[in-house]
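1. compute the structure for the input listed below.
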Amino acid sequence: MAYDSQNFKIPRQNFDYSECSYFVTATIEAIIKDAIDKGRNKIVINTNLKLGLPMENINKIAGPFVEAWAAQTFYDVLEDQSNKYHLINVETVERLHIADVILQFRKQRKIDSGVTAEVDVKATAEDIESSGKSPNITSYARIRTAYIEDPDYIFIILSLKHRVYSTRNNITGLMDGIMEVVAYNAYDLKFLSSRDISYNPALGTGQIQVRDIHYVELEERTTWEFCQLLDRKYLQSARRSFDQWLVLANKNGWIKAND
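-> The predicted structure follows:
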């Protein structure tokens, strides 16, 4: 097969990748759990509406608010003098970046003293079954290239489930909207099971999607195995061909150039 005969650049992750990935996902979940348990999980939206909010469509605007809440929650940990989560830097990034926020943690390792992870925040509505069920994660070419450039790249999906309701403000007499984060799940994209990852050929080089963000299974694999999985998803699409893949591979440096 033409694909198998390519002279690939094979990314090789460090021996402690899995340990670092587990550390990051477990710590992110612990931070979110702590915020929910302590009641710091509400986003209050003051309005000048007297009759209430358009609840049937409110989930359409919830995503950016929930993303901002997640970033604020990480910043709050950073500013906490006790900072038991060893979080040393939080960086929100521009809208078109591959993720929403970059986190750096202190962690003693044989080869380094920290771990960096890029986090993509996905919001889903608790009371709308199909809300955000199969989100686009990022473009195929972009994430494939990221793992070639850094075999230890950690890309975390942070799924946050929320509910929305309105309540009358006792001071203004107007209606306030309340978005409340009620559940969470964090996982490393690289460890999602094959059946939980799908490829949507729409938009540029296509989008990597999670088939059902509420029910995922994990399977550990290497960075190179994940790159091969992404390639299979791309090539299995009826709207893609090997020749198209080869153009992307040459353009993005996935294979070695001929002398």
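
2. show me what contacts the closest residue in space to Q6 that isn't next to it in sequence?
-> The shortest distance from Q6 to any non-neighbouring residue, by C-beta to C-beta, 6 or more residues apart in numbering, is to I255 (4.9 Å). Yep, even glycine has a C-beta here, placed from its N, CA and C like the rest. For I255, the residues meeting the contact criterion (C-beta atoms under 8 Å, 6 or more residues apart in numbering) are 6-9, 249.

3. switch those residues over to a markdown table; also include pLDDT.
-> A markdown table is the format used below for these (pLDDT from 0 to 100):
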| residue | pLDDT |
| --- | --- |
| Q6 | 92 |
| N7 | 93 |
| F8 | 95 |
| K9 | 95 |
| A249 | 96 |
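
4. now for the helix or strand containing S21, which elements pack on it?
-> Remark: S21 resides in helix 17-37, with elements defined by DSSP states H and E. Secondary-structure packing of helix 17-37 (3 or more C-beta pairs under 8 Å, 6 or more residues apart in numbering; DSSP states H and E): helix 59-79, strand 101-106, strand 114-125, strand 155-168, strand 175-188.

5. as a markdown table, these with distance to A141, mean pLDDT and mean neighbour count would be great.
-> Shown next, in a markdown table, are the helices and strands packed on helix 17-37 (distance: least, C-beta to C-beta, whole Å; pLDDT from 0 to 100; neighbours: other C-beta atoms under 10 Å):
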| stretch | distance to A141 | mean pLDDT | mean neighbour count |
| --- | --- | --- | --- |
| helix 59-79 | 24 | 90 | 18 |
| strand 101-106 | 21 | 95 | 19 |
| strand 114-125 | 16 | 93 | 21 |
| strand 155-168 | 14 | 91 | 19 |
| strand 175-188 | 20 | 91 | 19 |
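
6. JSON lines please, covering those and showing distance to E220.
-> Written out in JSON lines, the entries for the helices and strands packed on helix 17-37 read as follows (distance: least, C-beta to C-beta, whole Å):
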{"stretch": "helix 59-79", "distance to E220": "26"}
{"stretch": "strand 101-106", "distance to E220": "20"}
{"stretch": "strand 114-125", "distance to E220": "17"}
{"stretch": "strand 155-168", "distance to E220": "15"}
{"stretch": "strand 175-188", "distance to E220": "9"}
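
7. closest one to I213 among those?
-> Each of the helices and strands packed on helix 17-37 was scored for nearness to I213 using C-beta to C-beta, and the closest is strand 155-168 (5.2 Å).
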